[in-house]
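Engineer: Sharing a sequence plus its predicted fold:
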Amino acid sequence: MKYNITVSDYDQMVIDQGDRCGICEGADKGAKARYWCVDHCHDTLKVRGLLCRSCNSAIGQLGDTPEALQKALDYLTKSEDDTH
């Protein structure tokens, strides 16, 4: 029972998310992945949802913080504005 969820909890999350990633909404779990990644807060271990490997890795590389993700969004938005 990793992350304090059962197999039934996981299965219900798959159904609730339509068997898609919680971020990109893609149906591909990732290279050679059999299961969705269980995304969770590393401090509280509270489960947030299921992600594909790419999205799980991306937010992990940004430190799993809303602040870092917002900075990345601001950067991309500014870069896009500068090209128009």
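Structural biologist: Here it is on my side, so go on. Numbers count the residues shown, from 1 in each chain.

Engineer: What is the burial count for W36?
Structural biologist: If you count neighbours by other Cβ atoms under 10 Å, W36 ends up with 23. Backbone N, C-alpha and C define where each C-beta goes, glycine included.

Engineer: List the contacts of Y35.
Structural biologist: Contact criterion Cβ atoms under 8 Å, 6 or more residues apart in numbering gives 10, 29 as the residues in contact with Y35.

Engineer: Distance of it relative to G60?
Structural biologist: Relative to G60, Y35 is positioned 17 Å away (criterion: Cβ to Cβ, to the nearest Å).

Engineer: Please apply the same query to G49.
Structural biologist: As it turns out, when the distance is counted by Cβ to Cβ, G49 lies 14 Å from G60.

Engineer: swap in C21?
Structural biologist: 14 Å.

Engineer: Looking at the protein, which helix is longest?
Structural biologist: Counting residues, the longest helix found in the chain (DSSP state H) is helix 66-82.

Engineer: what mean pLDDT would you report for that one?
Structural biologist: Per-residue pLDDT values across helix 66-82 average out to 88.

Engineer: Return the set of buried residues in stretch 28-47.
Structural biologist: By neighbour count, and taking 16 or more other Cβ atoms under 10 Å as the criterion, the buried residues in stretch 28-47 are 29-30, 36-40, 47.
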